[in-house]
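*Asks:* Sequence below, structure please.
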Amino acid sequence: MRISIEMICQNDIILPIHYNLITQGFIYNMIDRELSDFLHNKGYGDSRKFKMFCFSNILGKAHFDEENANLVFKSPIKLVVSSPDDHFCESFANSILKKDIRLGSNTLEIGKIEINRQQINEDKIELQALSPITVYSTLLRPDGRKYTCFFQPGEDDFNRIAEENLRKKYFAFTGMQPPNGKVCFMPLSQPKLHIVKYKDFIIKGYTCKLSVEGPRQLLQIAVDAGLGSKNSQGFGCVKLIN
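*Replies:* Sure, this is the predicted structure:
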């Protein structure tokens, strides 16, 4: 299920450049406490845990305030939140109509809410990334130190790791083995690199249009829960465009 929220404010909306943690905290604050505790402390799956939700960048007109190193958005702004978990979506949608809306230091009002399902009925779809898709592998240097290698759409390692990630999410959420059949990713536009700071970590991701082909159940997970890793930190939210 996918929830699109339009938020309005009489003044400019000011956020730091790296606002993912603020948006994530806003979402956790908007779902019921029991569900928030479950997702934050446990999540879905046994060995590998998944939160099973994702969210977009803040969408709207903005400019960079160089003097204060902030992003200044003009009202309205839009946020997309998506999850295969109906309870999560219902809790979020119900709470956002009842609670005061604060995003960072900004007090906002709800302009409108749209709720829909992006139902996958074909084994080949086209997607637009609404937040950077991050796909990576942690490797070892010769001296034993770890480093992270990020991959962009179109690379073989991106395809392999993104497919493995979808299969793990499917198993974690449904408890069933994922369907057979390869998942193929092909960029339809030039991938754009984004470098995001989350807490003390630097994360690289890419936005672009993608053609994705594979079993419908896995494509549905991609659309609902996000592509790639770190979805609940603001990465991999996608929109069905065909």
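
*Asks:* all contacts plus neighbour counts: C-alpha atoms, from now on.
*Replies:* Noted.

*Asks:* Which other helices and strands does the longest helix seen in the chain contact?
*Replies:* Longest helix of the chain, by residue count under DSSP state H: helix 156-174. Applying 3 or more CA pairs under 8 Å, 6 or more residues apart in numbering; DSSP states H and E, one finds that helix 156-174 contacts strand 135-140, strand 184-187, helix 216-225.

*Asks:* Tabulate these in TSV, adding columns for mean pLDDT.
*Replies:* What follows is these, written out as TSV (pLDDT from 0 to 100):
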stretch	mean pLDDT
strand 135-140	89
strand 184-187	97
helix 216-225	97
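
*Asks:* nearest to Cys9, of the ones you listed?
*Replies:* helix 216-225 (28.7 Å; CA to CA).

*Asks:* State the mean pLDDT of the very next helix or strand once past the closest one.
*Replies:* Next helix or strand after helix 216-225 toward the C-terminus (DSSP states H and E): strand 238-240. Averaging pLDDT along strand 238-240 yields 96.

*Asks:* Next one: Arg2, what pLDDT does it get?
*Replies:* So, for Arg2, pLDDT stands at 94.

*Asks:* Just the buried residues of stretch 193-213, please?
*Replies:* For stretch 193-213, the neighbour count (16 or more other CA atoms under 10 Å) marks 196, 203-213 as buried.

*Asks:* Can you name the two of these that sit furthest apart?
*Replies:* Farthest apart among the buried residues of stretch 193-213 by CA to CA are Val196 and Glu213. That separation is 28.2 Å.

*Asks:* Give me the distance between the helix or strand harbouring Lys112 and the centre of its chain.
*Replies:* Lys112 is located in strand 106-116, with elements delineated by DSSP H and E. The chain centroid and the centroid of strand 106-116 are separated by 18 Å under CA atoms, centre = their mean, to the nearest Å.

*Asks:* what pairs with that strand, and is each one parallel or antiparallel?
*Replies:* strand 2-8 (antiparallel), strand 101-103 (antiparallel) (DSSP bridges).

*Asks:* In CSV, list the helices and strands packed on helix 156-174 along with mean neighbour count.
*Replies:* As requested, those are arranged in CSV below (neighbours: other CA atoms under 10 Å):
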stretch, mean neighbour count
strand 135-140, 15
strand 184-187, 19
helix 216-225, 23
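
*Asks:* Thanks again, I'm all set now.
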